[in-house]
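S.K.: With the sequence up front, the predicted model follows.
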Amino acid sequence: MNDRFIPGQRRHTGLADLHMHTTYSDGVATVEQVLARIQDHTPLDVIAITDHDTIEGALRARDLAAKHDYPFEVIVGEEVSTREGHLLTLFLTKRIPPGLSIERSIELAHAQGGLAIVAHPFHRLFRFSVQREVMERLWRQPEVHPDGVETLNASFAGVGCYGLATRFTRDRYRWAETGSSDAHTPTAIGSARTTYPGSGVAALRLALAERQTQARGGYWRLREYRHLISYSRAHKGELAARRAQLRRTDEQIAQALEREPTLV
Ligand SMILES: [Zn+2]
Ligand SMILES: [Zn+2]
């Protein structure tokens, strides 16, 4: 690995982790704990908080970053549950509701100046993984394309998919490739990363547009799974309440959309 963390050393290669969760969805760590972990234990230049179907935690992280002098920049993101699977959306100002088509969700990200990256595609067994026929559909249709594909996802959702995702993304789709931890535990943050020329958010956006990004790193270790399972057992009620709250919001959005279809 050529991106080892050497304190004080200036690098010409930026390091980003564009996919992680907090207690605003199903992560075990609060926004504050996530940011502290990144500051103290990772060399990352850019991170995105991408909770499931909410941007509340990401907005909080952005506000905290504005007050503190962190050595990294924070992107407001959301992992949107589209009809066809999970879609990472970055640089958001407004939440994108779940349950829409992947094309519509990409459009809504672009309409607010954001980017859309297909999260962990090609996993045959994971029901939130975008499947090959949908990738082909996105590739063939002329108008709405994602900006990138998460070819390396460090969680179970990425296991066994790196080769196929990389081959198709490089040779066929020709969208940018990214690597991300999909961390639900603080120790997983940075386990997979996106490298790019330069540093900071502006250079990252440019690199994504020019397909100059690369996926690096590996998979979660056993301790991440152990931590996640024990947390889920201990916080069953709390997690169910969070899911119910999100569902209520989705119902309100669906009702509002019926009344006023141009709302989003
Ligand atoms: Zn996912
Ligand atoms: Zn995720």
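M.R.: All right, it came through fine. Ligands and ions are numbered 1, 2, ... in the order given.
S.K.: now the nearest residue to H68 once chain neighbours are set aside: how far from R193?
M.R.: Nearest residue to H68, sequence neighbours excluded (Cβ to Cβ, 6 or more residues apart in numbering): L35, at 7.8 Å. C-beta here means a position set from N, CA and C on the backbone, and glycine is covered the same way. Distance, L35 to R193, by Cβ to Cβ, to the nearest Å: 17 Å.
S.K.: neighbour count winner among these two?
M.R.: Legend: neighbour count by other Cβ atoms under 10 Å for L35 and R193, higher for R193 (29 against 24).
S.K.: so how far is the helix or strand containing that one from its chain's centroid?
M.R.: Taking DSSP states H and E as the definition, R193 sits inside strand 192-197. Distance of strand 192-197 from its chain centroid, counting by Cα atoms, centre = their mean, to the nearest Å, is 14 Å.
S.K.: repeat for stretch 93-100
M.R.: 14 Å.
S.K.: Report the buried residues of that stretch.
M.R.: R95, I96, P97, P98, L100 (16 or more other Cβ atoms under 10 Å).
S.K.: Ok, stretch 103-116 next?
M.R.: E103, R104, S105, I106, E107, L108, A109, H110, G114, L115, A116.
S.K.: what helices or strands is the helix or strand hosting the last one leaning on?
M.R.: With elements delineated by DSSP H and E, A116 resides in strand 115-118, which encompasses its position. On a contact count with 3 or more Cβ pairs under 8 Å, 6 or more residues apart in numbering; DSSP states H and E, strand 115-118 meets strand 85-90, helix 102-111, strand 148-153.
S.K.: which helices and strands sit right next to whichever helix or strand comes after it?
M.R.: Where DSSP H and E defines the elements, the next helix or strand beyond strand 115-118 is helix 132-140. Contact here means 3+ Cβ pairs under 8 Å, 6+ apart; on that basis helix 132-140 packs against helix 102-111.
S.K.: got the angle between the helix it packs on and helix 132-140?
M.R.: 50 degrees (axes from the mean of the first three to the mean of the last three Cα atoms, to 10 degrees).
S.K.: Distance of L88 relative to E103?
M.R.: Relative to E103, and taking Cβ to Cβ, L88 is found at 15 Å.
S.K.: ok, now L35?
M.R.: According to Cβ to Cβ, L35 stands 33 Å off from E103.
S.K.: go on, V34?
M.R.: 31 Å.
S.K.: Repeat that for Y219.
M.R.: Relative to E103, and taking Cβ to Cβ, Y219 is found at 30 Å.
S.K.: Doesn't G179 lie inside a helix?
M.R.: No: counting by DSSP: H, G, I helix; E, B strand; the rest coil, G179 is not found in a helix; it is strand.
S.K.: Now do it: how many residues are near it, please.
M.R.: With other Cβ under 10 Å as criterion, G179 counts 27.
S.K.: That one reaches G218, doesn't it?
M.R.: No: the criterion here is Cβ atoms under 8 Å, and G179 misses it with G218 at 9.5 Å.
S.K.: what do these two both touch?
M.R.: Here G179 and G218 share the contacting residues A154, A192, scored by Cβ atoms under 8 Å, 6 or more residues apart in numbering.
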